[in-house]
Structures are given as structure tokens and as C-alpha cells.
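sharing a model prediction with you, sequence too.
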Amino acid sequence: MRAVRFTVTVFSFFLLGSVGRLLAQDKGKLGNLSNEVLLGKAERTFRIRIVTAAERYYRELNERLRKQLSTLEPNDSQKQIELDEELVLAPFGLGHSLLYLHHYPEALSVLESGLKIYPDWAHSHSSLLFFQDPLFTGPVLSDLEKQVKSSRDNVPRLLYGYVQFFASNLPVASSSFSEVLAADKENFFASYFMNKIQLTERQSSAVDLEKFNEKETDKLPVDELINYGSSFFKKSDYSMAAKLFKRAIETQKDVPVVHIAYGDSLFALGRFDEATQAILKGLEIYPKYAEAQINRRDFYGNPSEFDAQLQRLENYVHKHPTNLNARFLLGYNYFFIQDYDRADQQLQAVLSDKSFHSSALYLHDLILRFSGQKTKKPL
């Protein structure tokens, strides 16, 4: 079996908890099996749709994970531990099994615990084929849809979005998670996946621009406006990108990534004051966007253009050091190329102004967190 090193905060492990017990006769039998054998049995039985058996195997692995984590001290000093791969994957296998058994609250609880232990899960497993199987997953989706329509409970909405995310239906997943965040802005599960969705949208491949008709933009839904805007940005047509992102904002004002994308386009056009206001609006709606350690250069078809634009902003700030919009924008751009020392220097300069304080302080706190992290080996 393979041990994997994770950079995590130990006290978050205690959110895992026990999610039930095996029958006494099962415990004796399963307790003699290695983690590797148990995972193999769990995966095979799940694959042939014997979900009840899969759930027992995954539950045993999850219980072993819980016991291993319970031996750790709940403090913030120990940043890395060794975990067997079979144990790290256990919460997700158990959560999926519970989902197909329609045990939704428990499924959500264990999946959320898994994400807090292994936050790279969605990046490393961006598509799960069994969620795309209509015969297997259809009944679950149908049941979740009924519950979403008949109740304001977040559990079915979150799980519906989870299934759609891993079935590669990102617009549907985004809509489901957005509904939750509208009422509960701090919801960890919805925030985690919205962050992943927004990052995917910004890094998605270009759409077919030959089909684009500017005269028909008023008929396009927000998702298509964003896709076209991102593609024009990638093609260095920042003016058209800005027009499309602005149109998307006019269509739906509460999508944070659009405000930020609009601000990035205005930055590329040298309209620094307007860019800052758009970005601040996006961060106000959804500050956790900044937790994704993305690199601004990756949004460009030609990253050297970003370097030239950043140089232009640096020159402007040098000549106009009292322009706080420009200084925040410079700190923001340094932040998203992971130049944290220079980012913090600019952010500190605007902290005293209440217009920038909240976002600048949030970025400052993230800089302290990111600067103290060690490189994490992906599973």
C-alpha cells in the first residue's frame, strides 16, 4: 500500500467522526483484511452495482481512517502526516455508496469530511463515469430533484450539484450550488465546488468564435457570454471580452467570476480604476475566489502580454502612488502570480481606506497562510 503526504491542519480531522457501525459479525471478518484488499473489494462490488456490500467495505476503511486520525493531537502545529491512499479515498467511496442507498444527510457529511482531509479530490477526479450512467444514477438524480422542488433543505441541492459536477454538467452544478450560497454564503461544500467550477470556466478551451455574432449577444445566456468572453480574452481581444463580461453582469449581477473577469479585461485595456471596482465587487460577492491559487498568466493565450500589462501598471503606480485603485490592482495581480511579498506591500498601502479594507485584509490573511504552506504532493 502507498502512503501519501498531505499538507493539512490536524484539528480539521476531528470533523470526520464515526458515521455508523458495522454489524458485529461483519467487523470480525473485515478486521482481518488489509486496507488494500478492502479497497479492492469495495471498488469491485461498487462497480458491479452491489452497493450495500460496497458500503460495508468503505465504511470499515472509513472507520480505520477515523481511528488513525483520532490519535492525533488537535492542534495547528503538525502540518503534515502520512496517510494510506486506501484510507484517504474511503470517505468518497462511502459517500457515493450512501448516495446510491439514498442516505443523503450521511452521504453529504462524509463527503464533506473527505474534502477537508483531501482538498485536491475534485481536481484529481474531475469526472466520474458512474455519475454519467443514466440507468445507475438516474433514480438518484430524480429523487434529489423532487426533494429540491419540495423542500428548502440544502442537502439535496448540494448532492445534486455534486453529482452534476462529476458528471461534467458544470452549468447545472453551478446553479445548484449558487442557490445554496445565496442563503448560506459560508457553506463549505458549495463554496468548495463553486471555486472549482469558476477556475475550470476560466481555464476552459476556447469556444468556436466563428459562430459568434455580436448582434445576438442580448439573446445569449450568461454561461455562453462567459465562455465567449473568456475565448476572446484568450485571443487577446480584450475589448470584446470586456463587452461580453459587462453584458453578462447586466444579465445576472450576482455571479462573482464575471465581475472579476470584467475587471481583468479592463486591466488589460489599461482602465485601472474601473478594473479595480469590478474586481472589488466580485470579491465582495465571493471572497473565497481568492483561495484558488491560480496564476493570472494562465488566462492569457500569450502570457508575455500579461507581463507587459503588469509593467504598464507598475509604471503608473510609480508615477501616481496616491491612486489607491491602482495600488490595490497591482497588489491583486501580484497576489495571483504568487509574488506575495510585493503583493502585500501594495495591499498594506490601501488597508487604511475603508473602500479597500475588507478585500485587502482578506488577501493579506491569505498571503500569510499561503506563505507558510509547504508544497503538497498530489495523490
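Nice, thanks for sending it over.

surely Leu83 is in a strand?
Yes - according to DSSP: H, G, I helix; E, B strand; the rest coil, Leu83 belongs to a strand.

count of neighbours near it?
21 (other C-beta atoms under 10 Å). C-beta here means a position set from N, CA and C on the backbone, and glycine is covered the same way.

ok, now Lys253?
11.

with Gln147 instead?
Counted with other C-beta under 10 Å, the neighbours of Gln147 add up to 17.

next: Ser127.
10.

before we move on, what about Phe356?
Around Phe356 there are 21 residues (other C-beta under 10 Å).

so for the helix or strand harbouring it, what's the average pLDDT?
Phe356 is part of helix 354-371 when elements are defined by DSSP states H and E. For helix 354-371, mean pLDDT is 91.

and that helix, how far out from the chain middle?
19 Å (C-alpha atoms, centre = their mean, to the nearest Å).

got the contact list for it?
Identification of contacts with helix 354-371 by C-beta atoms under 8 Å, 6 or more residues apart in numbering yields 280, 283-284, 287, 290-291, 293, 324, 328, 331-332, 335, 338, 340, 343-344, 347-348, 350-351.

ChimeraX command for the buried members of these?
Applying 16 or more other C-beta atoms under 10 Å to the contacts of helix 354-371, the buried members can be selected in ChimeraX as follows:
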select :280,283,287,290,324,328,331,332,335,340,343,344,347,350
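
could you chop this structure up by domain?
3-115, 130-203, 209-371 (automatic domain parsing).

what stretches of the stretch 251-379 of the chain score poorly on pLDDT?
By pLDDT under 70, the low-scoring segments of the stretch 251-379 of the chain are 372-379.

contacts only, for Ser239.
Here Ser239 is in contact with 265, 269 (C-beta under 8 Å, 6+ apart).

quick one: distance of the helix or strand encompassing it to the chain centre.
Here Ser239, judged by DSSP H and E, is contained in helix 238-251. Relative to its parent chain, helix 238-251 has a centroid offset of 24 Å by C-alpha atoms, centre = their mean.

now that helix - C-alpha only, CSV.
Provided in CSV are the C-alpha atoms of helix 238-251 (Å, rounded to 0.1, in the frame of the first residue of the first chain):
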residue,chain,number,x,y,z
TYR,A,238,-9.7,42.4,-24.5
SER,A,239,-12.2,45.0,-25.7
MET,A,240,-14.7,42.4,-26.9
ALA,A,241,-14.1,40.3,-23.8
ALA,A,242,-15.0,43.3,-21.7
LYS,A,243,-18.2,44.0,-23.6
LEU,A,244,-19.3,40.4,-23.2
PHE,A,245,-18.5,40.2,-19.5
LYS,A,246,-20.3,43.5,-19.0
ARG,A,247,-23.3,42.1,-20.8
ALA,A,248,-23.2,39.0,-18.6
ILE,A,249,-23.2,41.3,-15.5
GLU,A,250,-26.2,43.1,-16.8
THR,A,251,-28.0,39.8,-17.3
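
buried set for it?
238, 240-249.

what packs against the helix or strand following it?
Next in sequence after helix 238-251, counting helices and strands by DSSP H and E, comes helix 256-268. If you count contacts as 3 or more C-beta pairs under 8 Å, 6 or more residues apart in numbering; DSSP states H and E, helix 256-268 packs onto helix 188-203, helix 222-234, helix 238-251, helix 272-285, helix 303-319.

ok, residues contacting helix 256-268?
With contact meaning C-beta under 8 Å, 6+ apart, helix 256-268 is reached by 198, 201-202, 222, 225-226, 229-230, 233, 238-239, 241-242, 245-246, 248-249, 252, 272, 274-279, 281-283, 285-286, 289, 296, 299, 305-306, 309, 313, 329, 333.

just the buried members of those residues?
Buried among the contacts of helix 256-268 (16+ other C-beta under 10 Å): 198, 201-202, 222, 225-226, 229-230, 233, 238, 241-242, 245-246, 248-249, 272, 274-279, 281-283, 285-286, 289, 296, 299, 306, 309, 313, 329, 333.

any idea of the mean pLDDT in stretch 122-129?
Across stretch 122-129, the average pLDDT comes to 80.

hey, C-alpha coordinates of it in CSV?
The C-alpha coordinates for stretch 122-129 follow below in CSV (Å, rounded to 0.1, in the frame of the first residue of the first chain):
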residue,chain,number,x,y,z
ALA,A,122,-12.2,17.4,-7.3
HIS,A,123,-9.0,18.4,-9.2
SER,A,124,-7.7,14.9,-9.3
HIS,A,125,-11.1,13.3,-10.1
SER,A,126,-12.8,15.9,-12.2
SER,A,127,-15.1,13.3,-13.9
LEU,A,128,-16.6,10.1,-12.5
LEU,A,129,-18.2,7.9,-15.2
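
need the contact partners of that stretch.
Under the contact criterion C-beta under 8 Å, 6+ apart, stretch 122-129 has outside partners 92, 115, 165-168, 192-193, 196, 200, 378-379.

gap between it and the chain center?
Offset of stretch 122-129 from its chain centre (C-alpha atoms, centre = their mean): 12 Å.

show me what counts as buried in it.
122, 128.

and what of stretch 35-50?
35, 38-39, 41-42, 45-46.
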